[in-house]
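K.L.:
Generate coordinates for the sequence data below:
(one chain, ligands or ions: 2)
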Amino acid sequence: MLKMVHKITHVTVRDVRFPTSLEQHGSDAMHTDPDYSTAYVVVHTDSGLQGFGFTFTLGKGTEIVVCAVRALAGLVVGKSLQEIVSDFRGFYRLLSSDGQMRWLGPEKGVIHLATAAVLNAVWDLWARAEEHTSPRVFITCADCFFCLTEDQMLKEGYPAYTTSCAWIGYSDEQLKQLCTDALKSGWTKFKVKVGADLEDDTRRCRLIRQMIGPDKTLMIDANQRWDVSEAIGWVSSLAEFKPLWIEEPTCPDDILGHAAISKALAPLGIGVATGEQCQNRVMFKQFLQASALQFVQIDSCRLGSVNENLAVLLMAHKFKVPVCPHAGGVGLCELVQHLILFDYICVSGSLSNRMCEYVDHLHEHFTSPVVIHDAHYMPPKDPGYSCEMLESSVKKHQYPEGDVWKQHKNN
Ligand SMILES: C[C@H](O)[C@@H](O)CC(=O)C(=O)O
Ligand SMILES: [Mg+2]
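P.N.:
Residues are numbered from 1 along each chain as shown. Ligands and ions are numbered 1, 2, ... in the order given. So this is what the prediction gives:
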């Protein structure tokens with residue numbers, strides 16, 4: 001129950017970019033020079049309470065999302081938090097179904113990323129107003145509270161896998177060193193980027209499988225590089241390394257293509273995972289209906305914030321398909337940990353074949369960074385949705401005027 005009304009007075013948005021491409025962090029077969037970035041939103045209220053939110057992008061293009069957030073801001077200013085949360089579905093529709101702006105989507109692309117950024121900030125505001133972490137707010141909303149599973153999360157955390165060892169632009173030496181370090185820190189599940197060159201993929205997968213041994217888990221991620229038949233052939237060639245899944249084997253919109261790949265790879269024991277570029281819940285519904293994926297990868301900033309992610313969690317549960325969220329980028333781990341805890345505590349109650357991605361970059365820029373212990377996400381403790389960035393980091397990385405970018409231009 002909200003103690004105050006919290007009327008939204010204005011919304012600010014900034015283009016914040018990190019030059020991750022310089023060291024090839026985040027690189028894959030399709031995104032060879034990603035600069036991890038956010039369109040960073042602050043929702044200001046008359047009570048002084050603020051909500052922080054963002055969506056994730058790869059550098060160029062963030063300015064377009066910033067424009068879209070500005071266009072949506074008019075729908076938010078003047079509303080009170082109380083009004084919003086008493087009909088959150090109505091508020092979601094207001095943002096996603098504006099008579100003129102919905103032509104830009106609907107519920108896909110830049111306008112949907114902007115919707116996610118604004119709604120993430122509103123969820124953060126709500127959780128702060130309730131002085132809870134977001135899972136607690138979701139749990140309250142869902143009217144369910146399973147002490148056992150919650151206690152287990154507090155003690156053990158939620159299982160994670162790492163993608164940080166094997167970005168496609170990393171050398172074999174780097175891969176070996178990072179994998180050695182990760183094994184020492186207790187990681188048991190590893191994702192390798194593939195898809196540009198089969199010989200390289202074979203060498204890198206062999207290297208990592210040799211290092212982690214036969215019992216640890218390996219996943220591969222092609223980031224949409226192939227067509228359907230190429231995907232089947234390429235992944236079959238890598239089957240000897242026993243990947244649990246092939247992620248984004250082909251165009252993320254090709255639902256029937258994913259179904260064909262799933263069918264072809266099932267006898268090899270390899271599942272298909274996708275979702276980080278799945279536009280909305282309607283597409284997820286069809287992926288599930290067509291048995292086109294075996295692992296659902298929700299994304300806290302691609303879908304329309306918590307609202308749409310909750311819908312996908314429920315559908316995945318109905319279809320008995322495990323959810324293994326996409327995270328990483330900048331801030332995605334911070335947000336998605338809330339969603340996955342909610343999924344375990346209130347929806348699935350299962351850890352079977354489930355794990356959340358973790359990427360070890362840029363957490364130091366957040367006021368409440370994720371806590372990883374023994375390859376598990378430990379539940380967040382600070383009130384909010386963990387979206388707030390350090391003001392000093394925002395100023396330094398704001399594009400193009402931040403010191404980091406001024407310096408970059410001069411080099
Ligand atoms: C461009 C991003 O780094 C992308 O490669 C991330 C991704 O596919 C993943 O984390 O999975
Ligand atoms: Mg991926």
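K.L.:
what bits of this structure have low per-residue confidence?
P.N.:
Across the chain, the ranges flagged by pLDDT under 70 are 133-148, 411.
K.L.:
isn't I270 right next to L244, touching?
P.N.:
Yes: assessed by C-beta atoms under 8 Å, I270 is found in contact with L244 at 7.3 Å. C-beta coordinates here come from the backbone N, C-alpha and C atoms, glycine included.
K.L.:
Looking at the two, which is more packed in?
P.N.:
More crowded of I270 and L244, by other C-beta atoms under 10 Å: I270, with 24 against 21.
K.L.:
so how far is ligand 2 from that one?
P.N.:
For I270, the distance to ligand 2 (C-beta to the ion, to the nearest Å) stands at 15 Å.
K.L.:
Against ligand 2, how distant is S262?
P.N.:
The separation that S262 has from ligand 2, given C-beta to the ion, amounts to 17 Å.
K.L.:
can you pull the contacts of that residue?
P.N.:
Residues counted as contacts of S262 (C-beta atoms under 8 Å, 6 or more residues apart in numbering) are 271-272, 291-294.
K.L.:
Identify the residue spatially nearest to the residue of the stretch 301-411 of the chain found nearest ligand 1, adjacent ones excluded.
P.N.:
In the stretch 301-411 of the chain, the residue found nearest to ligand 1 is G328; the distance is 4.2 Å by C-beta to the nearest ligand atom. Excluding its sequence neighbours, the residue lying closest to G328 (C-beta to C-beta, 6 or more residues apart in numbering) is V359, at 3.1 Å.
K.L.:
related to what we said a few turns ago, contacts only, for the residue of the stretch 301-411 of the chain closest to ligand 1.
P.N.:
26, 163, 357-359, 361.
K.L.:
And those residues, which two are furthest apart?
P.N.:
G26 and Y358 (13.5 Å; C-beta to C-beta).
K.L.:
All the helices of the stretch 1-150 of the chain, residue numbers only.
P.N.:
Applying DSSP state H, counting those that start in this stretch to the stretch 1-150 of the chain gives helices spanning 62-76, 81-86, 88-96, 109-129, 134-142, 147-156.
K.L.:
Can you spell out which helices and strands pack onto the second one?
P.N.:
Translated: helix 81-86. When contacts are defined as 3 or more C-beta pairs under 8 Å, 6 or more residues apart in numbering; DSSP states H and E, helix 81-86 sits against helix 109-129.
K.L.:
The closest residue to V11 other than its chain neighbours and ligand 2: what is the separation?
P.N.:
Spatial nearest neighbour of V11, chain neighbours left out: A73 (4.0 Å); criterion: C-beta to C-beta, 6+ apart. For A73, the distance to ligand 2 equals 31 Å [C-beta to the ion].
K.L.:
A73 and V13 touch, don't they?
P.N.:
Yes: counting by C-beta under 8 Å, A73 does reach V13; the two are 7.5 Å apart.
K.L.:
Show me which of the two is the more surrounded one.
P.N.:
Each of A73 and V13 has its neighbours counted (other C-beta under 10 Å); V13 has more, 24 against 18.
K.L.:
Bridged to the more buried one, which residues?
P.N.:
V41 (DSSP bridges).
K.L.:
Can you give me every residue that contacts it?
P.N.:
39-42, 66, 69-70, 73, 117.
K.L.:
what do you get if the cut-off is 10 Å, keeping everything else the same?
P.N.:
Neighbouring residues of V13 by C-beta atoms under 10 Å, 6 or more residues apart in numbering: 38-42, 53-54, 65-70, 72-73, 114, 117-118, 121.
K.L.:
What's the PyMOL syntax to select whichever of the residues you listed are buried?
P.N.:
Buried residues among the contacts of V13 (16 or more other C-beta atoms under 10 Å), as a PyMOL selection:
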select buried, resi 38+39+40+41+42+53+54+65+66+68+69+72+73+114+117+118+121
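K.L.:
where does the stretch 1-150 of the chain come near ligand 1, residue by residue?
P.N.:
Residues of the stretch 1-150 of the chain found near ligand 1 (C-beta under 6 Å from any ligand atom) are 26, 28, 31, 34, 58.
K.L.:
In these, find the pair that's most separated.
P.N.:
Most distant of these, by C-beta to C-beta, are D28 and L58, 10.5 Å apart.
K.L.:
higher neighbour count, the two?
P.N.:
With neighbours defined as other C-beta under 10 Å, D28 and L58 compare such that D28 has more, 22 against 17.
K.L.:
Need phi/psi at the more buried one.
P.N.:
phi -140, psi -170 (degrees, to the nearest 10).
K.L.:
Just give the closest residue to it, not the sequence neighbours.
P.N.:
N223 (4.1 Å).
K.L.:
Residue of this protein nearest ligand 2, please.
P.N.:
Across the chain, no residue is closer to ligand 2 than D221, which sits at 4.3 Å (C-beta to the ion).
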